[in-house]
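1. Here is a sequence with its predicted model. Questions after.
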Amino acid sequence: MRTNWREQVKYLMSIVVLGSLLITTSAVAGPQVGIMVGSDNGVSIRHHGYQVEVGINDASIALDKTYYFNNSPYFYWGGGVKWQDHSNRKLGARAVFGAATKVEDFVFFAEAKPIFYVVNGASVQLEGTLGVRYQF
């Protein structure tokens, strides 16, 4: 049975709230929570190199593990998965290439994400986001 988009958004937002509570209560170093715009608008959470992104306009959720390039505190790379449930369900593997800089407690970031969708038709897409996260 197919649910409407409002129920999907409520479900995704509850995942974000639960995830952010778990991250902030178990964190030794400061987690980051913020917003992103671009290929998918939504919420971005980052902690210890793991990123969770919940997209609102595509009803999606993504999990990535990132690593900084050697000798660079600004540029990172990584990989992960994305589940999208907007018009048709899609699951894909993706790479992440990003840049970030911190100003006070705010982290500004830009990311390019080539993704290979493998469920409901194979396709390759290039997604990108800009955003800001607050570091606790």
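-> The structure has been received and is ready for your questions.

2. those strands in the chain, which residues are they?
-> Secondary structure of the chain, counting by DSSP state E: strands at 32-38, 42-47, 50-55, 60-68, 75-85, 89-103, 106-117, 123-135.

3. tell me which residues in the third one are buried?
-> The one in question is strand 50-55. 51-55 (16 or more other Cβ atoms under 10 Å). (Glycine included, C-beta is placed from N, CA and C.)

4. Count the residues that sit near the nearest residue to residue 53 once chain neighbours are set aside.
-> Leaving aside its chain neighbours, residue 53 sits nearest to residue 62 (4.5 Å; criterion: Cβ to Cβ, 6 or more residues apart in numbering). Per other Cβ atoms under 10 Å, the neighbour tally for residue 62 reads 23.

5. what's the pLDDT at residue 62?
-> Note on residue 62: pLDDT of 95.

6. From residue 102, how far out is it?
-> For residue 62, the distance to residue 102 (Cβ to Cβ, to the nearest Å) stands at 22 Å.

7. and if you look at residue 71?
-> When Cβ to Cβ is applied, the distance between residue 71 and residue 102 equals 17 Å.

8. Look at those two and report which has more neighbours.
-> residue 102 (14 against 6).

9. which residues touch that one?
-> Going by Cβ atoms under 8 Å, 6 or more residues apart in numbering, residue 102 touches 108, 135.

10. tally of neighbours for the residue lying closest to residue 78 once chain neighbours are set aside?
-> Taking Cβ to Cβ, 6+ apart as the measure, residue 78 lies nearest to residue 66, with 3.4 Å between them; neighbours along the chain are not counted. By the measure other Cβ under 10 Å, the count of residues near residue 66 is 19.
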